[in-house]
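Peer 1: sequence first, then the predicted structure:
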Amino acid sequence: DSGVTQTPKHLITATGQRVTLRCSPRSGDLSVYWYQQSLDQGLQFLIQYYNGEERAKGNILERFSAQQFPDLHSELNLSSLELGDSALYFCASSVETSGPEQFFGPGTRLTVL
Amino acid sequence: AQSVTQPDIHITVSEGASLELRCNYSYGATPYLFWYVQSPGQGLQLLLKYFSGDTLVQGIKGFEAEFKRSQSSFNLRKPSVHWSDAAEYFCAFRGSNYKLTFGKGTLLTVNP
């Protein structure tokens, strides 16, 4: 158990819908990262937040957005969902002051029908 | 371009045999290097990491990895594989930005 929690574990929805994925980092970790894992693209970095502020952006679609709240939990919002958005979405956290390693949550499996 | 290459998509070994998973990276300097393992339906677990110093690093579950700057490699090894090691293994690096760049992964099958 990494200490990073993600909810829900599974999500099944229809095209055009909007969903919210939630992540709670390890206690004391200020950084939260979101990654997408799909069969064709592999593991891709989406976005990073540090202490409530967006710090780095990767291959994140405009239909996707994220935020980090004062209690440091983060949410990833996916809208106008398409079939190709079906993937495993991971959240990771790190403290950075003691090392750059990231600890991953169990993931949310999103299925868009 | 910054990238990680894991040349072996799938490796099959017998239980008790030795294992080496290959990883090469492309980056302008020495990055932070990691190996993660993913069991079916699970998240990514950090096996080991290399930041600097001793080029042979020890990790959890009896794994070790060796950093070779001249070859831009960070290969993962285990002297004797157990059936519970069957999983997918990912090599990754972190450069000057904060994101992890992952390889495509190597699926390990362990035969009894």
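Peer 2: Looks like it arrived, so ask away.

Peer 1: need phi/psi at the closest residue to residue A:111 other than its chain neighbours.
Peer 2: With C-beta to C-beta, 6 or more residues apart in numbering or on different chains as the criterion, residue A:111 has its nearest non-adjacent residue at 4.6 Å, and that residue is residue A:12. All C-beta atoms are positioned from the backbone trio N, CA, C, and that covers glycine. Note on residue A:12: its backbone torsions stand at phi -120, psi 130 [degrees, to the nearest 10].

Peer 1: strands along the chain, start to end?
Peer 2: Picking chain A for this. Taking DSSP state E as the criterion, chain A carries its strands at A:5-7, A:10-13, A:19-24, A:31-38, A:42-50, A:53-57, A:64-68, A:74-78, A:87-94, A:103-104, A:108-112.

Peer 1: hmm, I had chain B in mind actually
Peer 2: B:3-5, B:10-14, B:19-21, B:24-26, B:32-38, B:44-50, B:56-58, B:64-68, B:73-78, B:87-94, B:100-102, B:106-111.

Peer 1: could the ones you listed go into CSV alongside mean pLDDT, distance to chain A and mean neighbour count?
Peer 2: Converted to CSV, the strands of chain B look like this (pLDDT from 0 to 100; distance: least, C-beta to the nearest C-beta, whole Å; neighbours: other C-beta atoms under 10 Å in any protein chain shown):
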stretch, mean pLDDT, distance to chain A, mean neighbour count
strand B:3-5, 95, 10, 17
strand B:10-14, 97, 14, 13
strand B:19-21, 98, 16, 18
strand B:24-26, 94, 15, 17
strand B:32-38, 96, 5, 22
strand B:44-50, 95, 4, 20
strand B:56-58, 96, 12, 13
strand B:64-68, 96, 14, 18
strand B:73-78, 97, 14, 20
strand B:87-94, 96, 5, 23
strand B:100-102, 94, 4, 24
strand B:106-111, 97, 12, 16
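
Peer 1: switch those over to CSV; also include distance to residue A:52.
Peer 2: Listed next are the strands of chain B as CSV, based on distance: least, C-beta to C-beta, whole Å:
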stretch, distance to residue A:52
strand B:3-5, 30
strand B:10-14, 42
strand B:19-21, 38
strand B:24-26, 32
strand B:32-38, 24
strand B:44-50, 25
strand B:56-58, 33
strand B:64-68, 35
strand B:73-78, 33
strand B:87-94, 22
strand B:100-102, 21
strand B:106-111, 37
